[in-house]
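Enquirer: Following is a predicted model, sequence given first.
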Amino acid sequence: DATGKRTFLPYNETQLKKVLLLVKDIADRYQIPPTNVLGHSDVAPVRKQDPGPLFPWKQLYEQYQVGMWYDDATMKSIMMNNVANFEMEKDKNTFIFKFQSDLQKLGYDIIPTGSWNSENRKVVEAFQYHFRPENYDGLVDVVTYSILQALIQKYP
């Protein structure tokens, strides 16, 4: 748009249903592990933005057992246990390094440095497209942090 913020168009419901069924069929037919089904933005976050934050990753996971998704209760527990200290810790190099390392463990192409730059903020944005589509500003807050930790626990 005019402000430079990316805009994403909603998917047509018919198109979406066919895509979800196709993804499930391809994963089954070629015996692709469900956690290996990713979007372009997950694989190349600096260059790609698709399928974007409007793609229903949670629906794909819940209805077709494809992809990965965090356990909501685990995420909320992590958030409640970290909310008090989060603001004090989030800008420290050790925290940033660990967050970047955890993104890397999950498969994102990021080199942990302990500081933020435009490229690794795009990695956070891509992570948010997939797992926190209601807020994809590329900034780490306690919710984004908690989602990542819940995923790391579920998919070590």
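Expert: Ah, there it is.
Enquirer: ok, now how distant is the residue nearest the centre of the chain from residue 148?
Expert: Taking Cα atoms, centre = their mean, the centroid of the chain lies closest to residue 127, which sits 2.7 Å from it. As defined by Cβ to Cβ, to the nearest Å, residue 127 lies at a distance of 7 Å from residue 148. In short, each C-beta sits where N, CA and C put it, glycine included.
Enquirer: where do the contact lists of these two overlap?
Expert: 103, 106 (Cβ atoms under 8 Å, 6 or more residues apart in numbering).
Enquirer: who's in contact with the residue nearest to the centre of the chain?
Expert: So residue 127 contacts 42, 45, 103, 106, 108, 144, 148 (Cβ under 8 Å, 6+ apart).
Enquirer: cool, residue 68 as well?
Expert: Residue 68 makes contact with 34-35, 61, 151, 154-155, according to Cβ under 8 Å, 6+ apart.
Enquirer: Name the nearest of those relative to residue 84.
Expert: Here the nearest of the contacts of residue 68 to residue 84, counting by Cβ to Cβ, is residue 151; it sits at 22.0 Å.
Enquirer: Quick one, grab the pLDDT at that closest one.
Expert: pLDDT, residue 151: 98.
Enquirer: Quick check: closest non-adjacent residue to it.
Expert: residue 70 (4.9 Å; Cβ to Cβ, 6 or more residues apart in numbering).
Enquirer: can you give me phi and psi for that neighbour?
Expert: phi -80, psi 160 (degrees, to the nearest 10).
Enquirer: Ok, residue 129 next?
Expert: The phi/psi pair for residue 129 (degrees, to the nearest 10) is phi -50, psi -40.
Enquirer: oh, and call the first residue 32 from now on, that's how I've got it
Expert: In the new numbering, first residue 32, that becomes residue 160.
Enquirer: confidence score at the closest residue to it other than its chain neighbours?
Expert: For residue 160, ignoring the flanking residues on the chain, the nearest one in space by Cβ to Cβ, 6+ apart is residue 84 at 4.5 Å. With respect to pLDDT, residue 84 has a value of 95.
Enquirer: ditto for residue 33
Expert: Looking at residue 33, its pLDDT stands at 61.
Enquirer: quick one on the thing from earlier: count residues in the vicinity of the residue nearest to residue 182, would you?
Expert: Counted with other Cβ atoms under 10 Å, the neighbours of residue 101 add up to 22.
Enquirer: Understood, closing this out.
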